[in-house]
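>>> Here is a sequence with its predicted model. Questions after.
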Amino acid sequence: MKKVGLVGWRGMVGSVLLRRMAQEGDFGKISPHYFSTSAVGQIHIDAQGKSHTLRNAKSIAQLAEMDIVISCQGGDYTKAVYADLRGSGWDGYWIDAASAKRMDSDSVIVLDPVNRVQIDGALDAGIKNFIGGNCSITLSLLGLAGLFRAGLVEWMNVMTYQAASGAGAAHVRELLGQMSQVSSAVGAGLANPATPVLSLLESARRAMDEEAFPITRFGAPLAGSIIPWIDTDLGDGRSREEWKGEVETNKILNLPPGTIAVDGLCVRVGALQSHSAAIALQLKENVPLGELEALVSTAHAWVDFVPNTKADSMQRLSPAAVSGSLKVAVGRLRRLNVGSNLYSVLTTGDQLLWGAAEPLRRMLNILLER
Ligand SMILES: NC(=O)C1=CN([C@@H]2O[C@H](COP(=O)(O)OP(=O)(O)OC[C@H]3O[C@@H](n4cnc5c(N)ncnc54)[C@H](OP(=O)(O)O)[C@@H]3O)[C@@H](O)[C@H]2O)C=CC1
Ligand SMILES: N[C@@H](CC(=O)OP(=O)(O)O)C(=O)O
């Protein structure tokens, strides 16, 4: 059995990955080795009740014993160990959720319902690094796979609504802490139906302005607000999250850089789990809505096509409707009245599942099946 080193399994993406691997019986196919950056030597009891001594995620020698390493630890970790691990002569497979190696020429971004051919070609060519894509891009490509496959998309304007959990475990705690402080501030007034709503809003605003309001992680209030910047400032007006849109889309689709133009604003919202994107799609030709719907909904098993009605959209097309499932909901498909062959669409999916853990889990299985 292949020795598989699991790094970052305590984090959100890592925990979801382990849960999915247990659900799908993947642990029966591998010899798992649990690594840690913070609790080396401690005992971990896995989902099967088996006990493991945590190995040192910073030890190149211990990592080099693995046939496959799956890291959900983050980009700083990848930057700290990857080069030394390869430098030590290690020839194993590196599967990673972080962005650090995504755009390197010796890696493939994995999203097998969209680019399985490319993954197989890369394996045949001896590529050893398989990296999960950015969660927003992954979910949009998965939702619109049928349109890309048909070669219909000329450009996309992607405006995201990204959940707090996209930023990591500590950020989720901070958002819940913010919600809790706002809730405490309005609690008594809310209980009294006679309290004027403007006074409730003022109490909430005052709580958000207080010095004790927790904003260490996000840098600004998110509960009751939005944060219109995700990841670093590239200095040209774009955030790094926005830059990823075009470069990753074209790399995933195996197209020369810039073939499909992608741009838009990435915005953090107070959703807890699941990223959404409102997309303006410029198609190369005029396609009847029914045909677009058929292309989108039959692309693969995970698309949930939502008819463009108020009732369906409210019930099925939201983070609340899809969180915790592998469904990628696609709806609000209609023509936009501001140009020709221009359409709107909204995608939403769980960024911890299809947006992060599931492509890695499936890549592991692709390796095990070869
Ligand atoms: N969150 C998401 O939706 C997505 C994340 N990614 C990428 O995946 C990687 C991991 O992200 P994510 O899982 O969100 O990161 P987390 O912050 O949840 O976890 C990363 C590591 O932080 C350490 N950690 C510190 N405090 C805690 C805590 N309270 N609870 C759990 N872990 C803690 C753990 O390491 P240790 O046990 O060694 O201390 C853990 O492995 C990143 O590169 C991210 O960019 C990609 C797509 C989507
Ligand atoms: N940056 C994304 C999540 C993520 O980790 O993306 P990436 O793997 O591209 O850094 C978010 O905060 O929602």
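Cool, the structure landed. Just so it is clear, the model here is predicted, and its values are computed rather than measured. Numbering: from 1, shown residues only. Ligands and ions are numbered 1, 2, ... in the order given.
>>> how about the helices in the chain?
12-23, 60-63, 75-87, 112-124, 135-143, 145-149, 169-191, 197-209, 240-252, 289-297, 310-316, 319-322, 358-369 (DSSP state H).
>>> can you put these in JSON lines and add mean pLDDT?
Formatted as JSON lines, the helices of the chain follow (pLDDT from 0 to 100):
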{"stretch": "helix 12-23", "mean pLDDT": "97"}
{"stretch": "helix 60-63", "mean pLDDT": "98"}
{"stretch": "helix 75-87", "mean pLDDT": "98"}
{"stretch": "helix 112-124", "mean pLDDT": "98"}
{"stretch": "helix 135-143", "mean pLDDT": "97"}
{"stretch": "helix 145-149", "mean pLDDT": "97"}
{"stretch": "helix 169-191", "mean pLDDT": "97"}
{"stretch": "helix 197-209", "mean pLDDT": "98"}
{"stretch": "helix 240-252", "mean pLDDT": "98"}
{"stretch": "helix 289-297", "mean pLDDT": "98"}
{"stretch": "helix 310-316", "mean pLDDT": "98"}
{"stretch": "helix 319-322", "mean pLDDT": "98"}
{"stretch": "helix 358-369", "mean pLDDT": "98"}
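>>> Quick check: which of those helices is nearest to Asp46?
Set against Asp46 and scored by Cβ to Cβ, those come closest in helix 12-23, at 7.9 Å. C-beta here means a position set from N, CA and C on the backbone, and glycine is covered the same way.
>>> And the residue of the stretch 1-150 of the chain found nearest ligand 2, how far from Pro359?
Per Cβ to the nearest ligand atom, the residue of the stretch 1-150 of the chain with the smallest distance to ligand 2 is Asn134, at 3.5 Å. Applying Cβ to Cβ, to the nearest Å, the value for Asn134 to Pro359 is 11 Å.
>>> what's the answer for Leu142, then?
9 Å.
>>> go on, Thr78?
Counting by Cβ to Cβ, the gap from Thr78 to Pro359 is 16 Å.
>>> More neighbours: which of the two?
More crowded of Thr78 and Pro359, by other Cβ atoms under 10 Å: Pro359, with 27 against 24.
>>> show me what contacts that one?
110-112, 132-133, 138 (Cβ atoms under 8 Å, 6 or more residues apart in numbering).
>>> what does Asp91 give?
Neighbouring residues of Asp91 by Cβ under 8 Å, 6+ apart: Lys128.
>>> Repeat the analysis, applying 10 Å as the threshold.
Residues in contact with Asp91 (Cβ atoms under 10 Å, 6 or more residues apart in numbering) are 64, 67, 126, 128.
>>> what's the answer for Arg361, then?
16-21, 23-24, 26, 70, 95, 132, 353 are the contacts of Arg361 under Cβ under 10 Å, 6+ apart.
>>> burial measure for the closest residue to it other than its chain neighbours, as a count.
Among residues not flanking Arg361 along the chain, Arg20 sits closest, at 5.2 Å (Cβ to Cβ, 6 or more residues apart in numbering). Around Arg20 sit 18 other residues, with neighbours defined as other Cβ under 10 Å.
>>> For the closest residue in space to Ala261 that isn't next to it in sequence, name its beta-bridge partners.
Distances taken as Cβ to Cβ, 6+ apart place Trp155 nearest to Ala261, at 3.9 Å, with adjacent residues excluded. In this entry, Trp155 is beta-bridged to Ala261, Gln282, by DSSP bridges.
>>> and Trp155, how far is that from ligand 1?
If you measure Trp155 against ligand 1 using Cβ to the nearest ligand atom, to the nearest Å, the figure is 24 Å.
>>> same check, this time on Gln315
Gln315 sits 24 Å away from ligand 1, going by Cβ to the nearest ligand atom.
>>> dump the residue contacts of the nearest residue to that residue once chain neighbours are set aside.
For Gln315, the nearest residue in space outside its immediate sequence neighbours is Ala321; the separation is 6.6 Å by Cβ to Cβ, 6+ apart. Shown in contact with Ala321 (Cβ under 10 Å, 6+ apart): 274, 304, 306, 313-315, 327, 329, 348.
>>> same thing but 8 Å
315, 329, 348.
>>> close enough to count as contact, the second one and Thr347?
Spelled out, that is Ala329. Yes: with contact defined as Cβ atoms under 8 Å, Ala329 counts as touching Thr347 (7.0 Å).
>>> Nothing else from me, thank you.
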